[in-house]
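Trainee: Following is a predicted model, sequence given first.
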Amino acid sequence: MNLPIDRRSFLRGMLNGAAVCVGLPFLDRFLNGNGTAFADGARLPVRFGAYFWGLGLTDTPTGGTRWVPSKTGRDYEIMPELESLKPVKDKVSIFSGFRAIGDGRPNLVHWSGHASILSGVAPATTGRFDGPSFDTRIADAIGTSTRFKVIDIDASMSRQPVSYSTRTGNTFATPETTPLALYTRLFGAGFQDPNSDDWKPDPSIMLRQSVLSAIKDQRQALMAGVGKADQIKLDQYFTSLRDMENQLAIQLQKPEKCAACAPPAAPKETPRSASVDAVRANTRAMARLLAMGLACNQTRVFNFVHTSGTSETYIAGQSKIYHQITHDEPIDAKLGYQPETSKLASLVMEALGDFLVELDAIKEGEGTLLDNSLIMAFSDTGYAKIHSIENIPMFLAGRAGGRHKAGQHIHSTGESVTRVSLTAMQLVGAPVGEFGSGTMKTARPITEVVA
Amino acid sequence: MKRYLIATAVTLLTIAFPGSAIAQQPSRSAKWTKTYVVEWNEPAMHYGAKTGVIDPGTDCPNGTNPEIDWIKVLVDAGYTLEEARWLRNPANPTRSPVHGQNQMAFRGKDRANVYVNPTSTPDPGLAPVTGTIGEGVNLDGDEKTGFTGPTGEKGIDNNFYKCLGCWKTYRGPRRLSSGALQFNDSMRNGAWTTVIVVAGEGADPMNDDKVTVGIYVSNDKMVKDGNGAIARDYTFRIAPHAKYEGILPARTSNGKIISTAPADIMLRDPGYTRDLELLRAQVNLEMTPDGALTGYVGGYRPWEPVYKGWVNARGPVIEVLTWVQLPAVYYALRRNADYSPMGTGGEKTHISFALRIDALPAFVMTPDASKEVASVESYKAIAPKEADKPALGTYVVDGIVPDRSGKFQAGPNAVILPPSASATNKNQ
């Protein structure tokens, strides 16, 4: 029997009296001759991640930058605080000079910068965004065919969980904060090894799905009978239910085989400490788990917080925390910058280097997982000493399946940070033509990095 | 039609505010006006070093007041060494990464809160400026007292600089001290806007014996150009304000604007105090050839609100970030206060001060935006009632932010060490 199938086809049948549909793996016949794209020209799945760290990088009013290269384009030099990105330099684009523009709203310290980058508008109050974070738009576009639409991770070891991903602007995602919790989420109960030959749909999942499906009609009736505020709350609640339904539906399909997927062993619980070395180790451990989660196609979108805007990290044995040092350390007259702050910024960047190297270590097709990903790494501030929201460091890492002309330094003094955000959205295929509001509204991606 | 509406508005004002000058008689237009927006303002702190921001200089021969050994301070206040180390340990759950270690407040006699009761501890000391060069205005008219200005003028009164000029927050080259950077960045990003109107009755704005300077707030935010600098020639409406307004009589001489009589004014402070009340205020400004305005507004400001401003900005945070013991600021301000509106008797309540201002040409409109201002006049009578605002948005009580969970309460009787203290402190 010669079935007319393509990569979107499902095998449909009945199981224990219930209809099931089974997806197909990435068969060779679906791919082009090089194994770099589907035969119909569509690209292999691209993953997107937002990576946040607090307190910016060292750049002073007297010109003592430690991260902005003097050259633009492909021949940019690696600056001291970006040394850890050297192994993946050709896969990272650096954006300098971009700023958050408040349109008269005051700079809410350690908040306005990343809120502007993520939501496209300077927020009115600390603790809220004035719109959804753009990762949710990407998740809606590319995250619906995996077990998890998005995975939120906080490696900061902060006293309170940190996430800047929001659909409403008011409530933020609940992140996984330890390697063990992340492992359990990705590879614990409910995980289906995509390479297993004896896969069977889980009847309990089928039951749960039918239970959720049964409330759909009541949901519509309920929505019609409440006020607007409650409608918003219910809509948010039902959105999460829809995500769960989608997740359950995917778990009823035989997962696509993933050559790079090798489920790891469960990590041990680690003692909590916000010291730089502990956060770095946490970042590395969670990056490794996340990378395998991506390789095993558990999710295509993630948010990763290395440290919060008001970073709690410190060097073990010292009484000062990094945040305090950024503010109290004077600029060294001879060096032209804050030496201790710069040292800590370099340590923080080492964690980003570790993170990207973990993604680059996983082979996928002819490239690596990083080649098929786009990570937007950014901070909350430029010159942290004064909470500046100008020249906020932003990077795009990974080739986004070939769409990102990576390895460049783009400098654009005074341009809105939303241009980088829009570029990221378009590079991973989110159907977004413009982003932001007020002065930060833009329909201009940074075309220099778009293939 | 527009004239009719304006006339109607004036009539209504007359009814609402029968005693106000603006209501009783429409102001007469000046012969000339020049209008500006303040793009930078900072306490006038002359930096006496040639490089850096903390280096030794003629102002502070030993450089900026040094970083403080807080463990020693706590031990001197009666805490054990183990307790002091644990209090300063970032892993200590009682030390908030955002609001600092609240127990730092309780280092006075019998562990009194030194922020609200600074005299409960001896003066920790704050090295003053010992140089002779200072910036500002000769407030008392006496050339024998005060500093000598950078260009040689005598009698500059600025005891605020004298007592706090070596504090890291204020010390640094023009526009580069950490405090100035922080507050001006906030202002330039929209926290507040100050506009200046200079109006004269003579034919030559550069040399006019009858000039008035008006300083107002605007609710219109400054606009930055592509390089992040404040753009010139934008339009700002005066926002009548019940407190923030200053009107000063002056004259011009070769473009310099010099006060002819002191005036009591209140401006928006580029600092934690928020209110910058200046008694017997005077200006020493200059209209520069590029159309800008630069110089000083000086006067005597009440010193205690300055101290409280720092305390309410969260004492434990301010102390460690700015390398100061706040009781030392209290003692220094009190010791150097040099004016009291109550007369010569008793303790001085005010201290001589100068604000250094850089302003750019701008269009300044009347509050109703119907026309450009054509004179300097008071708008206080039509200002909405000002609601009291806290110095910070953060919940601060007696200089600290109490732990809302109730789990970690600082105080005179707080238990400092955790049960497993010795194990926890091994690496400290």
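Mentor: Everything's here; your move.
Trainee: near chain A, which residues of the stretch 101-250 of chain B?
Mentor: B:168, B:175-176, B:178, B:181-182, B:185-186, B:189-191, B:220-221, B:224-228 (CB under 8 Å from any CB of the partner chain). In this view, the C-beta of every residue, glycine as well, is placed from N, C-alpha and C.
Trainee: measure the closest residue to B:Asp403 other than its chain neighbours to A:Pro255 for me?
Mentor: Using CB to CB, 6 or more residues apart in numbering or on different chains and skipping residues adjacent in sequence, the residue nearest B:Asp403 is B:Gln409, 6.4 Å away. The spacing between B:Gln409 and A:Pro255, counted by CB to CB, to the nearest Å, is 52 Å.
Trainee: Please identify which of the two sits among more neighbours.
Mentor: Using other CB atoms under 10 Å in any protein chain shown, the more surrounded residue of B:Gln409 and A:Pro255 is A:Pro255, with 23 against 14.
Trainee: Can you check what pLDDT the model gives the more buried one?
Mentor: A:Pro255 carries a pLDDT score of 73 in this model.
Trainee: Now do the contacts for it.
Mentor: A:23, A:192-194, A:199, A:297 (CB atoms under 8 Å, 6 or more residues apart in numbering or on different chains).
Trainee: What does the pLDDT read for A:Asp191?
Mentor: Wrong residue type there; residue A:191 is Phe, not Asp. The predicted local confidence for A:Phe191 is 81.
Trainee: With A:Thr270 instead?
Mentor: Listed pLDDT for A:Thr270 reads 77.
Trainee: cool, and A:Pro267?
Mentor: If you check A:Pro267, the pLDDT there is 88.
Trainee: re the thing from before, which of the contacts of A:Pro255 count as buried?
Mentor: For these, a burial check counting by 16 or more other CB atoms under 10 Å in any protein chain shown picks out A:23, A:192-194, A:297.
Trainee: quick check, nearest of those to chain B?
Mentor: Closest approach to chain B among those (CB to the nearest CB): A:Asn297, at 37.2 Å.
Trainee: thinking again about what came up before, what separation do you get for the residue nearest to B:Asp403 and chain A?
Mentor: 17 Å (CB to the nearest CB, to the nearest Å).
Trainee: Could you look up the SS state of that residue?
Mentor: Three-state assignment for B:Gln409 (DSSP: H, G, I helix; E, B strand; the rest coil): coil.
Trainee: separation between it and B:Gln103?
Mentor: 10 Å.
Trainee: can you list the domains in the chain?
Mentor: Went with chain A since none was named. A:46-191+A:255-449, A:203-251 (automatic domain parsing).
Trainee: my bad, chain B
Mentor: According to automatic domain parsing, the domains of chain B span B:28-64+B:126-382, B:70-123+B:397-424.
Trainee: tell me the contacts of B:Pro305?
Mentor: B:Pro305 neighbours (CB under 8 Å, 6+ apart): B:273, B:275, B:277.
Trainee: What score does it have for pLDDT?
Mentor: At B:Pro305, the pLDDT value in this model is 97.
Trainee: quick one: it is in a helix?
Mentor: Yes - assessed with three-state DSSP, B:Pro305 lies in a helix.
Trainee: and the gap between it and B:Thr273?
Mentor: Per CB to CB, B:Pro305 is found 5 Å from B:Thr273.
Trainee: what's the answer for A:Gln218, then?
Mentor: 58 Å.
Trainee: what's the first-to-last distance across stretch A:250-268?
Mentor: From the first residue to the last, stretch A:250-268 extends over 29 Å; the measure is CA to CA, to the nearest Å.
Trainee: Okay, buried residues for that stretch please.
Mentor: Buried residues in stretch A:250-268 (16+ other CB under 10 Å): A:250-258, A:260-261, A:263-264, A:267.
Trainee: quick one: the helices in chain B?
Mentor: Along chain B, counting by DSSP state H, helices occupy B:2-16, B:21-24, B:70-76, B:81-87, B:159-164, B:178-188, B:303-312, B:315-322, B:326-336, B:421-424.
Trainee: Any chance of those helices in JSON lines with distance to A:Thr171 as columns?
Mentor: Converted to JSON lines, the helices of chain B look like this (distance: least, CB to CB, whole Å):
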{"stretch": "helix B:2-16", "distance to A:Thr171": "45"}
{"stretch": "helix B:21-24", "distance to A:Thr171": "49"}
{"stretch": "helix B:70-76", "distance to A:Thr171": "38"}
{"stretch": "helix B:81-87", "distance to A:Thr171": "35"}
{"stretch": "helix B:159-164", "distance to A:Thr171": "44"}
{"stretch": "helix B:178-188", "distance to A:Thr171": "28"}
{"stretch": "helix B:303-312", "distance to A:Thr171": "31"}
{"stretch": "helix B:315-322", "distance to A:Thr171": "28"}
{"stretch": "helix B:326-336", "distance to A:Thr171": "38"}
{"stretch": "helix B:421-424", "distance to A:Thr171": "35"}
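Trainee: hey, which of the ones you listed is tucked in deepest?
Mentor: helix B:159-164 (a mean of 27; mean count of other CB atoms under 10 Å in any protein chain shown).
Trainee: where are the low-confidence patches of the stretch 251-400 of chain B?
Mentor: Within the stretch 251-400 of chain B, the stretches with pLDDT under 70 are B:387-393.
Trainee: OK, now which residue of it is nearest to chain A?
Mentor: Closest point on the stretch 251-400 of chain B to chain A, by CB to the nearest CB, is B:Leu321, at 4.5 Å.
Trainee: Relative to A:Ala259, how far out is that residue?
Mentor: 52 Å.
Trainee: try A:Val88
Mentor: For A:Val88 relative to A:Ala259 (CB to CB), the value is 22 Å.
Trainee: Assess the claim that A:Ala406 and A:Gly398 are in contact.
Mentor: Yes - here A:Ala406 reaches A:Gly398: they are 7.0 Å apart, a contact under CB atoms under 8 Å.
Trainee: All good on my end, thank you.
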